[in-house]
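[1] structure, please.
(chains A and B)
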Amino acid sequence: MSVRDTDWDGVRLHVVTGKGGTGKTTVAAALALALASKGKPVLLMEVEGRQGIAQVFDVPPMPYEERRVAVAPAADGRPGGDVLALAVDPQSALIEYLEMFYNLRQAGRALTKLGVVDFATTIAPGLSDVLLTGKAAEAVRRKADGKPVYGAVVLDAPPTGRISRFLNVSSEVSGLAKVGPIRNHADTVQKVIRSGQTVVHFVTLLEEMPVQETLDGIAELKDVGQGGIQAGAIIVNMMRQAGSPADGDSPDGKARDLAALRKALKAAGLGEDHELAADLAAELADEARSERTQSEQRQLLDAAARPCYELPLITDGIDLAALYRLAETLRQQGAA
Amino acid sequence: MSARGSGNKAKPLVIDQLIDDRRTRIIVCCGSGGVGKTTVAAAVGLRAAERGRHVVVLTVDPARRLAQSMGLTVLDNTPRLVPGVRVDAAQADDSDQAGSMHAMMLDMKRTFDEIVEAHSDPDRAAQILANPFYQSLSSSFAGTQEYMAMEKLGQLRRAEEWDLIVVDTPPSRSALDFLDAPQRLGRFLDGRLLRLLVAPAKIGGRTGLKVLNAGFGMVTGVITKIVGGQLLRDVQTFVSAMDTMFGGFRERAEYTYRLLRMPGTAFLVIAAPQNDALREASYFVERLERDGMPLAGLVLNRMHRSPAARLSAARSQAAVETLQGLPASESSAIGIAALRLHADRMRQAASERRLADRFTAAHPLVPVAQIPAQPEDVHDIDGLRVIGASFNGE
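    Presented below is the predicted three-dimensional model:
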């Protein structure tokens, strides 16, 4: 049986960013489900200490441990894979790192006592970002019996304004630490991030500010990454259905809309309520205006020449069923 | 509304009262990213200026067009007079009462550099400014922005040039990091780590702590092993050069912290009527309460309202179905579109209200202000003025 082509064949690390309020975590979760429907387990990671994944999947706050939060639905005749989730915090990542590579459990404890862990993860420039991206890189590279443990890793990353710095931080640390294991670690992380295995997806709404930030973010990524960090898709979230047939803003058009509305209200049994007709006409005009803004923003996004996926607005709250629906929508558009 | 429902009602937060009260000297706007914090902060500043206050708005990362509209074209750490501010008609005859508005964008690195320059002799300052560790620390990275925003706030307050300072906080992952600044600095400064960094040779011999004795040699060894000797030396040079300033640093952080807790300060928690934004707002409210910070209330930005609220979603939907049962015509097509849109709007407004009610159920004593959603992004003074018009609590 042939495997369907997707836009991201060969990509193992999907970094998901977006301006605050665009639904980045929800989209990351849906993408993880979509990727897991190919059959292999997928790891969904968050790094901002908000416990956003736990909330999206409606499970209790997660400890520093990879846990199964969902199973993807079967697709293309294959059973779905597991989605595991991990909330990474820099402190635990540092201690784990010390244990894993230096067998320094005791030193880790002494370092915590001395305030080194606190210093390293809150004050020392960039170290905490290296630890977080490092954990993602480790999960991508992790193998069992010679095979990758995860089919893909989805990273619910910091917001668009910070993303370039976040991903590029290892090279900044490389500049600070000229030798030594931190340097080596930073270099390894950079190798994963700057390979064809990693792409950065931008979640946005069709509103001016998020679109501007998305375009700025893509440009900055190119700049900072010097071509080494790949932008992925633009994912337009919370799309409302268009469909205002109103004549819009011209005075003529408004008068025609108003006359038609009065007639329609009467026909619908709402009486001859001219005030109501005027208010509804105002609402229509508002909508027409916002649809125009949306299509302008859409054109701006098109100019970025990235694959673009659309996800509908879900008004009655995000639950697992809604996530499945969003995942399927992403899959149909070629995201997974 | 039932008695039970009305018992659930939030106390209204009247922002106009807050800014008309001359005792209010600092307004801090906090909230998660993407809720319109900067816009609200700017609107509060404008409204206050137009009601007679001398205001400076400290913004951290404004959208380009909004910054331009406030006359901020360069990030230069200098408050600039905002053009286009109108004097309130009631006060226009008394020119002493005329307000003014300045705005500035925080330049994090320059603020840091200025502190260094102000607190050390030129040689030492040059040494610190050239240190690679300092350069990274001052120009980037988690935390620095929060510290510097608060430092700047302290400076503006001490300058006594304005009678109201409005602060827009950084959209950091934990946006209240600045509350931790004094404590974190203190922990670091009093900590053994600092002594270890400043005088690596002495500490091992002096300390009586067993753990430290046992772990000490290993720990310095480990640090060197992990970060490399050169980075450790950079850090040590930096810390020794900064040594004399650290005390001043902490003093300033503590001053700002006290300032924030004083009655002249008011915190506004900004949120959008969305699940996650309100969850973050709850977190902010709890955190501010725990620290004894003067919380003025919650500002719900971008609330959808309908001018035709008297027609319910259900009746609107029923009317759509009636029209669909009739022969199609141009007027019924527009009627269907308008009524369907209206039903959607009403449902959205209802769901936003439910979220607001849920917040109030959890925090019944927190006053709430609402700002209606604008059809387009706000990026000029007129737009800010429209937002300010909703500050009267009606």
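
[2] the nearest residue to residue B:262 once chain neighbours are set aside - how many residues pack around it?
    In space, and not counting its chain neighbours, residue B:262 is closest to residue B:294: 7.6 Å by C-beta to C-beta, 6 or more residues apart in numbering or on different chains. C-betas here are computed from N, CA, C, even on glycine. Counted with other C-beta atoms under 10 Å in any protein chain shown, the neighbours of residue B:294 add up to 16.

[3] quick check: residue B:294 touching residue B:263?
    Yes. Using C-beta atoms under 8 Å, residue B:294 is in contact with residue B:263, at 6.3 Å.

[4] can you get me a residue count around the nearest residue to residue B:78 once chain neighbours are set aside?
    If you skip the residues right next to it in sequence, residue B:78 has residue B:104 as its closest partner in space, 6.1 Å away by C-beta to C-beta, 6+ apart. Burial measure for residue B:104: 19 neighbouring residues, criterion other C-beta under 10 Å.

[5] and the gap between residue B:104 and chain A?
    Taking C-beta to the nearest C-beta, to the nearest Å as the measure, residue B:104 falls 19 Å from chain A.

[6] tell me the first helix or strand C-terminal of the strand or helix carrying that residue.
    Residue B:104 is part of strand B:100-105, with elements assigned from DSSP states H and E. Later in the chain than strand B:100-105, the nearest helix or strand by DSSP H and E is helix B:108-119.

[7] quick one: the helix or strand just after that next one near chain A?
    Scanning forward in sequence from helix B:108-119 by DSSP H and E, the next helix or strand is helix B:122-130. No. Helix B:122-130 does not reach chain A (C-beta under 8 Å from any C-beta of the partner chain); its nearest approach is 14.0 Å.

[8] from the contact counts, what lies against helix B:122-130?
    When contacts are defined as 3 or more C-beta pairs under 8 Å, 6 or more residues apart in numbering or on different chains; DSSP states H and E, helix B:122-130 packs onto helix B:108-119, helix B:229-261.

[9] compare the mean pLDDT across the ones you listed and name the weakest.
    With a mean of 78, helix B:229-261 has the lowest mean pLDDT of those.

[10] the residue nearest to residue B:78 against residue B:62, yeah?
    No. If you go by C-beta under 8 Å, residue B:104 and residue B:62 don't touch, sitting 10.3 Å apart.

[11] what sits in contact with each of those two?
    Counting by C-beta atoms under 8 Å, 6 or more residues apart in numbering or on different chains, the common neighbours of residue B:104 and residue B:62 are residue B:72.

[12] list the buried residues of the strand holding residue B:104.
    Within strand B:100-105, the residues that count as buried by 16 or more other C-beta atoms under 10 Å in any protein chain shown are B:100, B:101, B:102, B:103, B:104, B:105.

[13] alpha carbons of it, as PDB, please.
    This file holds the C-alpha atoms of strand B:100-105, laid out as PDB (Å, rounded to 0.1, in the frame of the first residue of the first chain):
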ATOM      1  CA  SER B 100      -0.200  66.000  28.400                       C
ATOM      2  CA  MET B 101       0.900  62.600  27.200                       C
ATOM      3  CA  HIS B 102       4.400  61.300  26.700                       C
ATOM      4  CA  ALA B 103       5.300  57.900  25.500                       C
ATOM      5  CA  MET B 104       8.500  55.900  25.400                       C
ATOM      6  CA  MET B 105       9.700  52.500  24.200                       C
END
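
[14] quick one: it to chain centroid distance?
    The chain centre lies 16 Å from the centre of strand B:100-105; the measure is C-alpha atoms, centre = their mean, to the nearest Å.

[15] who's in contact with it?
    Residues contacting strand B:100-105 (C-beta under 8 Å, 6+ apart): B:42, B:45-46, B:48-49, B:54-62, B:67, B:70-72, B:75-82, B:85, B:162.

[16] what do you get for stretch B:251-263?
    With C-beta under 8 Å, 6+ apart as the test, stretch B:251-263 has contacts from B:23, B:26, B:28, B:115, B:147, B:150-151, B:153-154, B:157, B:179, B:181-182, B:185-186, B:265, B:291-294.

[17] one more time with 10 Å
    B:23-26, B:28, B:115, B:119, B:147, B:149-155, B:157-158, B:165, B:167, B:178-186, B:245, B:265, B:267, B:288, B:291-294 (C-beta atoms under 10 Å, 6 or more residues apart in numbering or on different chains).

[18] is any part of the strand or helix carrying residue B:344 close to chain A?
    Per DSSP H and E: residue B:344 is located in helix B:330-362. Yes. Counting by C-beta under 10 Å from any C-beta of the partner chain, contacts between helix B:330-362 and chain A involve B:330-342, B:344-345, B:347-348, B:351, B:355.

[19] give me the pLDDT for residue A:109.
    pLDDT, read off for residue A:109, is 72.

[20] dump the residue contacts of residue A:328.
    By C-beta under 10 Å, 6+ apart, the contact set of residue A:328 is A:30, A:33, A:34, A:37, A:73, A:75, A:336.

[21] which of the residues you listed lies closest to chain B?
    residue A:30 (15.0 Å; C-beta to the nearest C-beta).

[22] quick one: low-confidence parts of the stretch 1-150 of chain B?
    For the stretch 1-150 of chain B, the stretches with pLDDT under 70 are B:1-8, B:75, B:88-97, B:140-143.

[23] can you list the residues of it near chain A?
    Proximity of the stretch 1-150 of chain B to chain A, by C-beta under 10 Å from any C-beta, involves residues B:31-39, B:61, B:63-66, B:132-144.

[24] just the buried members of the residues you listed?
    Among these, those scoring as buried are B:31-39, B:61, B:63, B:66, B:132-138, B:140-144 (criterion: 16+ other C-beta under 10 Å).

[25] my guess is residue A:310 contacts residue A:206. True?
    Yes. Counting by C-beta atoms under 10 Å, residue A:310 touches residue A:206, with 9.4 Å between them.

[26] determine how far stretch A:118-138 lies from the middle of the whole chain.
    Using C-alpha atoms, centre = their mean, the offset of stretch A:118-138 from its chain centre is 20 Å.

[27] which parts of the stretch 1-150 of chain B are strands?
    Assigned by DSSP state E, counting those that start in this stretch, the stretch 1-150 of chain B shows strands spanning B:26-30, B:54-59, B:80-81, B:100-105.

[28] likewise for chain A?
    A:13-18, A:42-46, A:67-71, A:82-87, A:143-144, A:147-148, A:152-156, A:198-204, A:230-239, A:308-312 (DSSP state E).

[29] tell me the first helix or strand C-terminal of the helix holding residue B:344.
    Following helix B:330-362 in sequence order, the next helix or strand is strand B:368-372 (DSSP H and E).

[30] quick one: buried residues of that following strand?
    B:368, B:369, B:370, B:371.

[31] check contacts around the residue nearest to residue B:358 when sequence neighbours are not counted.
    The shortest distance from residue B:358 to any non-neighbouring residue, by C-beta to C-beta, 6+ apart, is to residue B:278 (7.5 Å). Residues in contact with residue B:278 (C-beta under 10 Å, 6+ apart) are B:32, B:35, B:269, B:271-272, B:298, B:300, B:352, B:355-356, B:358-359, B:362.

[32] put the alpha carbons of stretch A:27-38 into CSV.
    Listed next in CSV are the C-alpha coordinates belonging to stretch A:27-38 (Å, rounded to 0.1, in the frame of the first residue of the first chain):
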residue,chain,number,x,y,z
VAL,A,27,-2.9,23.8,16.8
ALA,A,28,0.3,22.0,18.1
ALA,A,29,-1.9,19.4,19.7
ALA,A,30,-4.0,18.9,16.6
LEU,A,31,-0.8,18.6,14.5
ALA,A,32,0.6,16.0,16.9
LEU,A,33,-2.6,14.0,16.5
ALA,A,34,-2.5,14.3,12.7
LEU,A,35,1.1,13.2,12.6
ALA,A,36,0.4,10.3,14.9
SER,A,37,-2.3,9.1,12.6
LYS,A,38,0.5,7.8,10.4
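
[33] near chain B at all, it?
    No. Contact of stretch A:27-38 with chain B (C-beta under 10 Å from any C-beta) is absent, the minimum separation being 12.5 Å.

[34] what mean pLDDT does that stretch get?
    The average of the pLDDT scores along stretch A:27-38 is 97.
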